[in-house]
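> Sequence and predicted structure, then a few things I'm wondering about:
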There are 2 protein chains.
Amino acid sequence: MTSESLTQLKARIREITHFNEALSLMEWDLRTGAPKKGHALRAEAIATLAAKAHALSTSADIGEWLNELSEPAVFNALSQVDQALVREEKKSYDLMHKIPEKLLHEYRVLTSTAQSVWEDAKSANDFPSFQPYLEKIIVMKKQFIEHWGAAEHPYDLLLDQYEPGMTVAHLDAVFGDLRRDLVPFVQAITAKGPVHDGKLFTTAYAFEQQKTLNRQVLEVMGYDFGAGRIDSTVHPFEITLNRYDVRVTTHYDLHDLRPTLFGTIHEGGHALYEQGISPDLIGTSLSMGTSMGIHESQSRFWENMIGRSLPFWERYYTLLQTAFPNVFNKASLEAFYAYINHVEPSLIRIEADEVTYNLHIMVRYELEKGLIGGEYQVADLPQLWREKMEEYLGVTPPDDAHGVLQDVHWSGGDFGYFPSYALGNLYAAQFRHTLLKAIPNLDDEIRAGNLLVIREWLREQIHQYGRVLQPDELVQKVTGEPLTGQYLVAYLREKFSPIYRL
Amino acid sequence: MTSESLTQLKARIREITHFNEALSLMEWDLRTGAPKKGHALRAEAIATLAAKAHALSTSADIGEWLNELSEPAVFNALSQVDQALVREEKKSYDLMHKIPEKLLHEYRVLTSTAQSVWEDAKSANDFPSFQPYLEKIIVMKKQFIEHWGAAEHPYDLLLDQYEPGMTVAHLDAVFGDLRRDLVPFVQAITAKGPVHDGKLFTTAYAFEQQKTLNRQVLEVMGYDFGAGRIDSTVHPFEITLNRYDVRVTTHYDLHDLRPTLFGTIHEGGHALYEQGISPDLIGTSLSMGTSMGIHESQSRFWENMIGRSLPFWERYYTLLQTAFPNVFNKASLEAFYAYINHVEPSLIRIEADEVTYNLHIMVRYELEKGLIGGEYQVADLPQLWREKMEEYLGVTPPDDAHGVLQDVHWSGGDFGYFPSYALGNLYAAQFRHTLLKAIPNLDDEIRAGNLLVIREWLREQIHQYGRVLQPDELVQKVTGEPLTGQYLVAYLREKFSPIYRL
């Protein structure tokens, strides 16, 4: 009877993964070149398939199977993988079923409207027009939280959806430590001013050569082109259609090589994670990254800790010289290294450098926590934003379009998501610390072009598990301790002190 | 109650079109560059979605709605479009439901196996290994025909699935007339021998320029790139995702410009049909070409009657000269025109020219009709094939791989499909005859680059109706008479007699 439930559950989940493959492909296609006039009908088709997939994953029978399989005597007899499967499925089933259908529907309509209101508000620099929508979203989020149940801090329940197990208590401690060290470090860097001449690198970079470079870099990382492809989009992303079809996209800028190069490495890091998950998990909901933060740790590790490292370019500067001899035979490797590691407090998160990025996240985290906790009101956000930016980064936005209105997340109701970005950097530094203990001569390996040792270590330690291990379990298992802020600070000091001669 | 059934039927069909959009995209993606390692999982996803779509279109409720709506009093009160919808849906519902589920399943397994058996048999030139599968397919096709019901000739029921209303009696008359005139015409051409020097055109054609040419030609035809795109595949095809997303593909040959050029125009002709269907039919099963033959008439009309015409190249030879000056500034337009209209009996259908192509089809038609009618046995096919090829085309295949094994169709059970290819040419010539009455100075319009007048005429006369009008109704309405063979013969004589100085 139980094994019957498990078999049925697995068959159902496999069906759902097939719907998800179709939906992901429809999304990928829309973003990589589906003809514009067909978008409206495509949206209808997506809505139909998404509704079918939703019905498959929330029907009463799946609830019954999950209830049976969650009974302690039954659950404890399951394999580790099956336990993880039941845990993950039960979690998302409950998240959905504890909210009355009417409320869910109202929320979907609200966030769908709010996103276009936000777009207009951003271009018109008009926060008050967006304010009532954001207020309503906060009210509904609080209602959701009440339906979901108790937690030490109400925001914990939102955090948990992106970063299972993460709490305000833990995050306050980690972010607090990090901020205490980072703010003066950024001030010291700012006082030094730029240490490179960007003009050396401002030229026209032919797209064909940029494309070739991207392929070379992905190959060096160990990305499997037999199980993936790279295309061009306005905003780069990684998308998994199935375990053997993990695609990345990149954006080309004619006059700046950095967006495509580091964008590609970033998405490549996400893709290596998905390409490294154990094939045993195919067709289950465990065949994906275990959290937003862990996923981001893989992309940021490759982008910043490898792709923006000196050993990497000691090995691969020749690729740049071959592609664009006019620039890179003139400019020195040292100048390039300083150029790609430029640090400067700025207003816009997505343009922020490796050091200041985390402070942008903390601004958003503090505001989200206060909104959900009830200390802050939506009407006060623009002013709070300016104060926090001044306090953490020493810059003040001239208007709300460059301040509180800059990100899409809140208009879609995605509260609890932002911390993942900084968590990615923290996890990455902590994993890197352990990697350096396992491979002490890592820099030599990189200089020798043996980047596969890195991919193999990550695959062995992290990737293969997919969602079988939760993020806190994974960090403990890999590094022997819970997440802390110290490794990121140490890494940033070690890397940037020489660059800025601190 | 009736309007309730109609509303429900329409909502269901719209859902099915959404599944079909996803399935078409998954197919398109597989053929345009989905990573190889992901194909097996993609096939699973396609199977799941196809099964769901099938269930949606064959469930009992749809049968009840259709029965209600088919009652004469109800049916006669429907609009023309709704009548067509009920007619088409009822037809495919009955085709499916009259066959016992067990038999259908057995057939699917058989044809799926037979296709890989055929592939092996073709490469090994081993007809006997394929023979038992083909025999079983014929047995099952005859069983299907018994379930479907009576007809003057059993093959009529197969013809009707690709070309509604077409019969053996009609086809025998039309093909008979055509063959009587064509066979001696081909013999006369063959006696003259080649009238051009192909060597002039054998060079390396850079792919980038070929791509540009394809886009230019599609634009000239009036293909809407805002509602479509062109990609590269091994075998070119047109695929419709939705009314505003009609894609074509083409194949590039480095040393021969003809495959990509005329392949693109051919698929472009299919695409213009789909892009010209009335938007009022969106979301219904009427928003597609009305038959295989009518669809092929649009592609063949553009490919041969426009794309291989002298006025077209009088206007657009400059495009070739700009793309490949080394070739086309040397070669004369007349030489090129003779080169692209080379006629020569050959063994392989898909490589055949405009004149001999129809005779290849007649070989297949005669054999299919005899197999289904019971006059021919599968074991005799290789010999029958050789005899018919000798009789119609004056050539004899050296082996079965270049003879009876060359086409995939029979291994998939697609009997009744082949005639569509020749019907396409016949319809095209008959439509052309009417078009020339409507626009007597058509050649001048083409020389002036006004090809949109052609697209508009086709849209007005043919495209807009989708499947609302059946092929025989459409031909009668557009040309004022039923399909006959005379217009194709007249067109071929008019075009090729000067080329071959007959």
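Good, I have the coordinates. Numbers count the residues shown, from 1 in each chain, chains lettered A, B, ... in the order given.

> what's the distance between the residue lying closest to residue A:287 once chain neighbours are set aside and chain B?
Excluding the flanking residues, the one nearest residue A:287 by C-beta to C-beta, 6 or more residues apart in numbering or on different chains is residue A:281, at 4.1 Å. Any C-beta I mention is one placed from the backbone N, CA and C, and that applies to glycine too. Per C-beta to the nearest C-beta, to the nearest Å, residue A:281 is found 13 Å from chain B.

> what's the answer for residue A:372, then?
Here residue A:372 is placed at a distance of 37 Å from chain B (C-beta to the nearest C-beta).

> Next: residue A:48.
Distance of residue A:48 to chain B, given as C-beta to the nearest C-beta: 4 Å.

> Secondary structure element holding that residue?
helix A:39-58 (DSSP states H and E).

> so for that helix, what's the average pLDDT?
Helix A:39-58 comes out with an average pLDDT of 94.

> Against which helices or strands is whichever helix or strand comes after that helix packed?
Counting by DSSP H and E, the element after helix A:39-58 in chain order, helix or strand, is helix A:60-70. Identification of packing neighbours for helix A:60-70 by 3 or more C-beta pairs under 8 Å, 6 or more residues apart in numbering or on different chains; DSSP states H and E yields helix A:2-32, helix A:80-97.

> Out of these, the one nearest residue B:236 is which?
Residue B:236 sits nearest to helix A:2-32 of all those, at 19.6 Å, using C-beta to C-beta.

> which other helices and strands contact that closest one?
So helix A:2-32, by 3+ C-beta pairs under 8 Å, 6+ apart, packs with helix A:39-58, helix A:60-70, helix A:80-97, strand A:238-242, strand A:245-250, helix B:2-32, helix B:39-58.

> among those, which is nearest residue A:230?
Closest to residue A:230 of these is strand A:245-250 (C-beta to C-beta; 5.2 Å).

> can that closest one be found next to chain B?
Yes: contact of strand A:245-250 with chain B (C-beta under 8 Å from any C-beta of the partner chain) involves A:245, A:247.

> Would you give the sheet partners of that strand, along with the direction of each?
strand A:230-232 (parallel), strand A:238-242 (antiparallel) (DSSP bridges).

> Compute the inter-axis angle for the longest one and helix B:39-58.
Note on geometry: by axes from the mean of the first three to the mean of the last three C-alpha atoms, to 10 degrees, strand A:238-242 and helix B:39-58 are set 70 degrees apart in direction.

> got the buried residues for strand A:238-242?
Buried residues in strand A:238-242, counted by 16 or more other C-beta atoms under 10 Å in any protein chain shown: A:238-242.

> so how far is it from its chain's centroid?
Between the centre of strand A:238-242 and the centre of its chain there are 14 Å (C-alpha atoms, centre = their mean, to the nearest Å).

> Can I get that strand in PDB, CA atoms only?
C-alpha atoms of strand A:238-242 as PDB (Å, rounded to 0.1, in the frame of the first residue of the first chain):
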ATOM      1  CA  GLU A 238      20.400  29.700 -17.100                       C
ATOM      2  CA  ILE A 239      17.500  27.400 -17.700                       C
ATOM      3  CA  THR A 240      17.200  23.700 -17.200                       C
ATOM      4  CA  LEU A 241      14.900  21.800 -19.600                       C
ATOM      5  CA  ASN A 242      16.000  18.400 -18.400                       C
END
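
> This completes my enquiry, with thanks.
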